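Chemist: A predicted structure for the sequence below; I have some questions about it.
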Amino acid sequence: MSNSSAVLDPVVFELEGFMVAPGYGPLLFLLLLCNFLFVWAGNGAVLVAVATDRRLRRPMFVLMVNLALVDLLGATAVCPHILMHFLYADRSVAVQGPGSQPISYRSISHSLALLQAFAVHTYGVAVQTVLAAMAYDRYVAVCEPLLYHTIMTPLRVFWLCFWSWFSAFVFIGILFGLHSGTRFCGTLIQHVYCSNRGILQLSCDPTPINNYYGLVMTYTVSTSVFLVTAFSYARILLAVLGRGGLDPVQTRSKALQTCSSHLLVYVLYNLASVIIVISYRFPALAPNIKKLFSILFIIVPPAVNPLVYGLVSRELRSAICRQLNRVAPKRHS
């Protein structure tokens, strides 16, 4: 039920999920499972490579580790529940005990729904703050190469990472702190994962404070990250165009290579986010298509980011290959 006059206590929500045609569940399960495993394999390889290779313990790679952790957080918050939905799309299981009723695999308790929504929204903010920190790092690397190690000290890198995560936790903590005392008169969340908006749509009472805070927070974070990124790349562009030297073409090519991976990741995330916004401007669009678009930002960037950095960064690619070569002989022995 999506609406009711009765206040529910305790609250058990039900995720609507995708409308899966009979026989397609296993195929969709396999496709998403491959994506989820690829996310863990790619980002896990980045984590292991940086942790085991001292040559990679530099600001750029430390920030890559934080981006990998953010990607794992987002994918892990959403994919397992959708996998269960695909695998048991039309099945139910009975709860033990007298008077038990069948509970669908789409069911999720109020606390778990808040936990999933908190993780998803934290991912959405943290990925932007980490990308802003990476933009600053690239600005210093290109515009102040001689002072790079003086500016990007281990302590400053630590504080960049700390504030990237801390700000995300604080912003989202306040958002869900406003849920306190909310009464629910419905259970059906018309989405494939739990979100602040999806949960509050089932509230018995209007929630204007949460709505206004969510809008202001989203605008503030997105605008701030955009301004930091735009400023960094504007300064980088001016520095590159105005830099001469014995081989200006090679200098500009090296600067472009230094920044291309970060810029591509930033554009990819924002493109996936824009697709979500645009899809909701077309009411006639099929619900399944809207739901698919809504999870692109949480399944595509985490899978693509390790490839982008691995292809652009020769050092990271070499470190991962060395780790694979170390593991290969052990498997054969």
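Modeler: Great, that's in hand. As the structure is a prediction and not an experimental result, all values here were calculated from the model.
Chemist: poorly predicted segments of the stretch 1-150 of the chain, please.
Modeler: 1-10, 89-105 (pLDDT under 70).
Chemist: and the helices in it?
Modeler: Taking DSSP state H, counting those that start in this stretch, the helices of the stretch 1-150 of the chain run over residues 25-52, 59-87, 110-143, 148-151.
Chemist: next: the stretch 201-333 of the chain.
Modeler: So, for the stretch 201-333 of the chain - with DSSP H, counting those that start in this stretch - the helices run 208-242, 248-279, 287-299, 301-312, 314-332.
Chemist: and those, which is most packed in?
Modeler: helix 301-312 (a mean of 20; mean count of other C-beta atoms under 10 Å). (C-beta placed from N, C-alpha, C; glycine too.)
Chemist: which parts of stretch 45-60 are buried?
Modeler: 45-47, 49-50, 53, 56, 58-60 (16 or more other C-beta atoms under 10 Å).
Chemist: lowest average pLDDT across the helices of the stretch 201-333 of the chain?
Modeler: In terms of average pLDDT, helix 314-332 trails the rest of those, at a mean of 74.
Chemist: counting contacts, what elements does it pack onto?
Modeler: helix 25-52, helix 59-87, helix 301-312 (3 or more C-beta pairs under 8 Å, 6 or more residues apart in numbering; DSSP states H and E).
Chemist: pull the distance from it to the chain's centre.
Modeler: 27 Å (C-alpha atoms, centre = their mean, to the nearest Å).
Chemist: again with stretch 294-305
Modeler: 7 Å.
Chemist: next one: stretch 193-206
Modeler: 21 Å.
Chemist: about what we covered before: tabulate the buried residues of stretch 45-60 (CSV), appending distance to Thr150.
Modeler: Listed next are these as CSV, based on distance: C-beta to C-beta, whole Å:
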residue, distance to Thr150
Ala45, 31
Val46, 27
Leu47, 28
Ala49, 26
Val50, 22
Asp53, 24
Leu56, 20
Arg58, 14
Pro59, 12
Met60, 16
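Chemist: list the buried residues for stretch 154-174?
Modeler: 157, 160-161, 164-165, 167-168, 171-172.
Chemist: among the residues you listed, which lie within helices?
Modeler: 157, 160-161, 164-165, 167-168, 171-172 (DSSP state H).
Chemist: looking at these, which is nearest Val11?
Modeler: The closest of these to Val11 turns out to be Ile172 (C-beta to C-beta; 20.3 Å).
Chemist: show the contacting residues for His85.
Modeler: 15, 17-18, 20, 105-106, 192 (C-beta atoms under 8 Å, 6 or more residues apart in numbering).
Chemist: check the buried residues of stretch 45-60 and tell me the two furthest apart.
Modeler: Between any two of those (C-beta to C-beta), the greatest distance is 19.9 Å, for Ala45 and Pro59.
Chemist: quick one: contacts for the spatially closest residue to Tyr266 that is not a sequence neighbour?
Modeler: Computed as C-beta to C-beta, 6 or more residues apart in numbering, the closest residue to Tyr266 that is not its neighbour in sequence is Leu131, at 5.2 Å. Contacts for Leu131 (C-beta under 8 Å, 6+ apart) come out as 67, 225, 229, 262, 265-266, 269.
Chemist: how close does Leu131 get to Gly177?
Modeler: Leu131 sits 26 Å away from Gly177, going by C-beta to C-beta, to the nearest Å.
Chemist: my guess is Val240 meets Ala141, correct?
Modeler: No - proximity of Val240 to Ala141 does not meet the contact threshold set by C-beta atoms under 8 Å, at 11.8 Å.
Chemist: which residues does the closest residue to Leu307 other than its chain neighbours contact?
Modeler: Distance criterion C-beta to C-beta, 6+ apart; nearest residue to Leu307, sequence neighbours excluded, is Gly42 at 6.6 Å. Residues near Gly42 by C-beta under 8 Å, 6+ apart: 303, 305-307, 310.
Chemist: quick check: the farthest pair among those?
Modeler: Between any two of the contacts of Gly42, the greatest separation by C-beta to C-beta is 12.1 Å, found for Ala303 and Gly310.
Chemist: can you tell me how far the residue nearest to Ile108 when sequence neighbours are not counted sits from Ser111?
Modeler: Leaving out its chain neighbours, the residue that sits closest to Ile108 by C-beta to C-beta, 6+ apart is Phe13, at 5.2 Å. Phe13 sits 10 Å away from Ser111, taking C-beta to C-beta as the criterion.
Chemist: could you find the closest non-adjacent residue to Ala68?
Modeler: The nearest residue in space to Ala68 (C-beta to C-beta, 6+ apart) is Asn43, at 4.0 Å.
Chemist: just to check, that neighbour is in contact with Val304?
Modeler: No - contact criterion C-beta under 8 Å: Asn43 and Val304 do not qualify, at 10.9 Å.
Chemist: hmm, back to that, ok, Phe13 and Ser111, which is more surrounded?
Modeler: Phe13 (22 against 10; other C-beta atoms under 10 Å).
Chemist: how much space separates that one from Ser294?
Modeler: Relative to Ser294, and taking C-beta to C-beta, Phe13 is found at 17 Å.
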